[in-house]
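>>> After the sequence you'll find the predicted model.
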Amino acid sequence: MTTKIPANKFDAQSFEFLQRVIRIGHNRAVKRYFRDQESDTSTSTGRGVVKTALLIRDEDSAQETLLKMQYFKLYLETETSSILPDGWQIKRGQDIPQLAIIYRNSDRKSISGDYPLYIPHYNGSRKPKIPSYNKGNHWARWKLSDNSQIIINAKTAAEAKRIIKILEKLVDRRFRTPENPNLVQGQTAKGTYKEFKAVPIRADYFPEG
């Protein structure tokens with residue numbers, strides 16, 4: 001998208017004009033990224049403060065501008081989770097369109113990493129109801145007709161089964177299987193997974209796996 005620059009006294013080839021282009025483009029990107037966050041000028045370290053600090057002001061020096069641009073790039077790399085599609089041993093010739101969901105600890109103060117969950121043969125629902133759940137050491141695995149599967153690790157066996165039942169509705173009907181024996185449950189060694197509330201923060205669709 002082309003950035004429209006308001007009429008001004010600067011020549012389009014001048015350094016001042018370039019500064020203006022950079023400031024408008026950068027600030028637009030910052031505001032778009034933090035669109036759900038009000039600016040904050042307090043001394044805390046919340047997202048509102050980061051948003052305010054990253055905005056380039058008219059009076060900023062070239063060094064200040066570069067620092068803000070560099071930190072915004074670093075912030076994006078830190079906050080944005082990368083995810084790759086999963087793979088299964090499947091029948092020859094089949095591709096696996098899938099929805100990959102990133103979960104994270106609901107406690108924003110906790111640094112626990114990201115936890116991907118994959119839904120093979122996603123049915124393409126535009127507004128999927130993706131549940132939060134209590135993560136833990138009880139697992140459930142639901143195998144589809146082509147051997148792809150959904151696996152969940154929850155706090156209790158009942159919780160794991162409940163989440164599988166919800167996610168099952170997001171799978172293409174052609175690949176659904178009867179519950180038994182394709183829904184298997186078990187428990188990992190105690191303490192394998194930390195228990196916490198996992199909330200979905202992002203979902204990526206891979207139409208060809």
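Good, I have the coordinates. Numbering: from 1, shown residues only.
>>> Please tell me how far stretch 197-206 is from the chain's geometric centre.
5 Å (CA atoms, centre = their mean, to the nearest Å).
>>> swap that for stretch 146-158, sorry
20 Å.
>>> Can you show me the helices along the chain?
With DSSP state H as the criterion, the chain has helices at 15-33, 47-54, 62-79, 157-168, 179-182.
>>> Can you mark which positions in the fourth one are buried?
In terms of neighbour count (16 or more other CB atoms under 10 Å), helix 157-168 has its buried residues at Glu159, Ala160, Lys161, Arg162, Ile163, Ile164, Leu167, Glu168. All C-beta atoms are positioned from the backbone trio N, CA, C, and that covers glycine.
>>> What ranges does the protein have for its strands?
98-105, 114-120, 133-143, 149-154, 183-187, 196-206 (DSSP state E).
>>> quick one: which of those strands is nearest Glu59?
strand 196-206 (36.2 Å; CB to CB).
>>> Out of the buried residues of helix 157-168, which is nearest to Lys127?
Lys127 lies nearest to Leu167 out of the buried residues of helix 157-168, by CB to CB, at 14.8 Å.
>>> which ones are touching that closest one?
Neighbouring residues of Leu167 by CB atoms under 8 Å, 6 or more residues apart in numbering: Leu117, Ile119, Pro131, Ile150, Ile152.
>>> Any chance of those in TSV with distance to Arg104, neighbour count and pLDDT as columns?
Below are the contacts of Leu167 laid out as TSV (distance: CB to CB, whole Å; neighbours: other CB atoms under 10 Å; pLDDT from 0 to 100):
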residue	distance to Arg104	neighbour count	pLDDT
Leu117	11	21	90
Ile119	17	24	92
Pro131	14	13	92
Ile150	19	22	92
Ile152	15	22	92
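>>> Would you mind listing the buried residues in stretch 120-127?
Result for stretch 120-127 [16+ other CB under 10 Å]: buried residues Pro120, His121, Tyr122, Asn123.
>>> And for Gln13, the neighbour number?
7 (other CB atoms under 10 Å).
>>> Verify the stated contact: Leu117 with Ile152.
Yes: between Leu117 and Ile152 there is a contact at 6.9 Å, judged by CB atoms under 8 Å.
>>> Of the contacts of Leu167, which is the nearest to Arg28?
Of all the contacts of Leu167, Leu117 has the smallest distance to Arg28: 33.4 Å, by CB to CB.
>>> how near is the closest one to His26?
35 Å (CB to CB, to the nearest Å).
>>> So in the protein, where's the weakest helix or strand by average pLDDT?
Lowest by mean pLDDT, DSSP states H and E among the helices and strands of the chain is helix 179-182, with a mean of 70.
>>> Contacts only, for Ala189.
Asn137.
>>> Show me the shaky parts of the chain.
Along the chain, segments meeting pLDDT under 70 span 1-10, 36-46, 77-94, 109-113, 179-180, 191, 209.
>>> Find the residue at the geometric middle of it.
Arg202 (2.8 Å; CA atoms, centre = their mean).
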